[in-house]
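Enquirer: Could you work out the structure for the sequence below:
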Amino acid sequence: MSGSENPTPEQAAGLHPEGAPPQELQGGYHPNTDELLKQGHAATAHKLAKWLLIILSGTVLLHYACLMVLIFCKRDEGIKVLGELFHSLLPVLAGLAGSAITYYFTKNGK
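Expert: Below is the predicted model of the structure:
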């Protein structure tokens, strides 16, 4: 018996490996990857801007809630510490949110 009489599992399943397809053969579906990358980039910029705004507004709301609790409990030391913390944190968050929003609204293709 020769090797051609005993088919391989691929040949038994009806598959006949013929090697790599020639480079000229460009069949099948080829998506426009540039457009997909632009859409993904726009979606990421949108999510980033949205989340930075949520973080900024959440921080401001949390600060005022804590401030109201400290005023209600008459904790003057805590009010001063919270004020210093907020004054150091607010410029950083506002800068991040502002730069994300500026980038989102001024980028090309929007």
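
Enquirer: where does the chain dip in pLDDT?
Expert: 1-4, 16-31, 107-110 (pLDDT under 70).

Enquirer: so Leu70 makes contact with Val81?
Expert: No. Counting by Cβ atoms under 8 Å, Leu70 does not reach Val81; the two are 9.2 Å apart. For the C-beta atoms, the positions are set from N, CA and C on the backbone; glycine is no exception.

Enquirer: Show me which of these two is the more surrounded one.
Expert: Ranked by neighbour count (other Cβ atoms under 10 Å), Leu70 and Val81 place Leu70 first, with 18 against 12.

Enquirer: which ones are touching that one?
Expert: Applying Cβ atoms under 8 Å, 6 or more residues apart in numbering to Leu70 gives the contacts 78-79, 82.

Enquirer: Give me the buried positions along the one helix or strand it maps to.
Expert: Assessed by DSSP states H and E, Leu70 sits inside helix 33-72. Buried residues in helix 33-72, defined by neighbour count with 16 or more other Cβ atoms under 10 Å: 45, 48-49, 52-53, 56, 59, 63, 70.

Enquirer: Nearest to Glu5 among those?
Expert: Ala45 (62.4 Å; Cβ to Cβ).
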